[in-house]
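Student: just a sequence and a predicted model for now, questions to come.
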Amino acid sequence: MKRIIKSILAFGAASVMFTACFNLEEHAFSEVVQKDFVPTDQDVVALLANAYSPFGAFMDWYGFFDCMEEAADVIITPTRPNGWDDGGVYKRMHWHKWSAEDPGSPASLYYSAFLGINSANKVLDQLKDGSLPAGDLTAAAIDEVKAVRAVWYALLLDSHGNVPIVTSFAVETDAEGNTISPKQSTRRRVYEFVTKQLEEVIANGVLSSAKSDYSRLNMWGVKMALMRVYLNAEVYTGTPAYDKALALAEDIIENSPYSLSADYSDNFKWDVDQTNTEIIFGIPYDETYGTGEQIFSMGMKFYPPSQGRDHFGYANSTWGGNCGNPQFIKSYAENDTRLKKTWLHGPQMKNDPNNTKSSYTEDDVKNQNIAWYCLNYLPSISGDSKDGSKKSFTHIDFGCRQVKYQVNPGVPKMNHWGNDVSYFRLAEAYYTAAECILRGQTGHKSAAEYVNDVRSRSVDTPITEAELRATKSRVQYGYCTFGDINADDIQKYGVFHNWDDDNRAAQLEASQVAEPSGKDNDPIYLAGMYDEWGYEFALEAMRRTQMIRFGTFSTKNWFNHTADEDGTKAIFPIAKSDQQDNKNLGQNPGYESVNGKFVADLAIDDPIPANM
């Protein structure tokens, strides 16, 4: 793949190798020993590998993507003819019925984040005691790892909120040698820790500001991390920080060496690399070197089994799985090219990975040239109707599949994609600036100008400030009806995927409507800006956070999800096993506590000390 993966050596066995190296007794196998060793920047890359490697869980099974998208209104993983019930995990994510006992999402996000934090702490301890020799680069290396650790904590701040703050890999013990479990901190305190850590790194000024491999955090990546936290500060603490988010956003836009890519899809190509001008911090994957839990396995979920293989020309099959929420996909404007650059819709022909054919002929049907059909229709997440009168109408043709992350048919294994994934890209700074201005801050440009700077590459009509300030979303919220699918349709159109016959595809898609109730038609503040976030950053593991910030996550119904208006599902639970292992952990409100204690009982809220 790209040079990045080989330089950072972070995803897989390499990180283990470097950890093992520093547990060995020193032997002078050559004339160069530690006292003579003058590390280069590439040596430091190897030393820091462990701190970065857990980011590979982003696109892994039950990874960050699943937690942030399956719980929101863009992605759905329904029960399919070939499975995908998975013990109900995806239905629970959609319904917001997850619990502290779920073995997959959302507990997996918590574990991955603390793996990253512990790895960062180990590297920091070794840098500080000299067992990892970084020479003159030590100060920069320390700041880089502190920033990486802060990004992990920013993720936990958003997902679980009230978590322990751990700053050393060493295990703390009492006078009798018993392990002292870390204490839980309030969400406010975690916010203070994250912002102080990132602010200190920025103030120190030793991290590079040059554009280099996006697989490492540079100064602009640190500023992006802090900007994102400040944008959501009101959610985390009750006190907004839009002024600080705007200042960082405009600094990044005006002074960083990054620029917007000419084409939206340039950021999601299978061979994207450090020559990309928009990605500031990205997660490098590799179809050959990726191992363990640091692999891009979402490719298995994107497409139906043999049909995906036949369309793209893979050597082996995919596994079926997720698709887009029909409500969300219907909400795109007709002239928004991000629709076709994000979602497959219509007939997918065999051996046509670039989708050169948008329709089929009678001969195509007769010769079985249609691999499958992407209908923007899905009867339900379970295949059953809400009242139980219709059952098990599921089909591989139901649901539009993603095409945003470009497919490379040449990968040896479909669960080992080599696509790098953007974690921070410049467009986010533009949209952050726009939202902060709409929320009352004064910027260097108008909100509409910032949005159109990005949007103009995808939509040929500019958006106005009035449209950004609209109070009605283009997404029609409400519980979706089953539609008028029947068994005869499956036999007549589903066998050969000829849904355009008799105009059945259009009829079926139109038959499913959203039925608003409760607060579905209530106004959404800055609904136009909310929609733009959704279209620009669809499938980038940001939608849950957007919905919480704009007040829709707990108040709206979508597809088969009904609103949970008590708001407790806007934060994930502490896993039952963690509460059992650490008696200092209280449960988040709205979930069952195995030890009978909650955050209010145990979490500390003291100010973060200066030297922490």
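Tutor: Cool, got the structure.
Student: in terms of pLDDT, where does the closest residue to Gln476 other than its chain neighbours sit?
Tutor: In this structure, Gln476 finds its nearest non-sequential neighbour in Ala514, 4.7 Å apart by CB to CB, 6 or more residues apart in numbering. Just so you know, the C-beta spots here come from the backbone N, C-alpha and C atoms, and that holds for glycine as well. On pLDDT, Ala514 comes in at 97.
Student: any stretches of the chain with poor pLDDT?
Tutor: For the chain, applying pLDDT under 70 flags the ranges 1-41, 43, 288-294, 412-415.
Student: circling back: what's the residue nearest to Gln476 sitting at in phi/psi?
Tutor: Main-chain torsions, Ala514, degrees, to the nearest 10: phi -90, psi 130.
Student: which residues does it contact?
Tutor: Counting by CB atoms under 8 Å, 6 or more residues apart in numbering, Ala514 touches 327, 476-481, 520, 557-558.
Student: same thing with Lys366?
Tutor: Per CB under 8 Å, 6+ apart, neighbours of Lys366: none.
Student: and it, how far is that from Tyr303?
Tutor: According to CB to CB, to the nearest Å, Lys366 and Tyr303 sit 24 Å apart.
Student: try Gly551
Tutor: From Gly551 across to Tyr303, the span is 34 Å (CB to CB).
Student: the two - which one has more neighbours?
Tutor: Set Gly551 next to Tyr303 and count neighbours by other CB atoms under 10 Å: Tyr303 wins out with 31 against 18.
Student: settle this for me: that one is touching Gly320, isn't it.
Tutor: Yes: if you go by CB atoms under 8 Å, Tyr303 and Gly320 touch, sitting 7.4 Å apart.
Student: what number of residues lie near the closest residue to Arg189 other than its chain neighbours?
Tutor: Once flanking residues are discounted, Arg189 sits nearest to Asp605: 5.3 Å by CB to CB, 6+ apart. If you count neighbours by other CB under 10 Å, Asp605 ends up with 12.
Student: go on, Ser209?
Tutor: Ser209: 14 neighbours (other CB under 10 Å).
Student: residues in contact with it?
Tutor: By CB under 8 Å, 6+ apart, the contact set of Ser209 is 218-220, 256-257.
Student: distance of it from Asp578?
Tutor: Separation of Ser209 from Asp578 (CB to CB): 38 Å.
Student: Thr167 too?
Tutor: 19 Å.
Student: how about Thr318?
Tutor: Distance check for Thr318 against Asp578: by CB to CB, it reads 34 Å.
Student: those two: who's more crowded?
Tutor: Neighbours per residue (other CB under 10 Å) separate Thr318 from Asp578, with Thr318 holding more: 23 against 20.
Student: give me the nearest residue to the more buried one, chain neighbours excluded.
Tutor: Closest to Thr318 by CB to CB, 6+ apart is Gly308, at 3.9 Å.
Student: is it correct that Ile608 is in contact with Val194?
Tutor: No: using CB under 8 Å, Ile608 is not in contact with Val194; the gap is 9.6 Å.
Student: what is the end-to-end distance of stretch 315-332?
Tutor: Stretch 315-332 stretches 34 Å from its first residue to its last (CA to CA, to the nearest Å).
Student: report the buried residues of it.
Tutor: By neighbour count on 16 or more other CB atoms under 10 Å, the buried set for stretch 315-332 is 317-332.
Student: any idea which residue sits dead centre in this protein?
Tutor: Centroid-nearest residue in the chain: Ala541, 2.2 Å away (criterion: CA atoms, centre = their mean).
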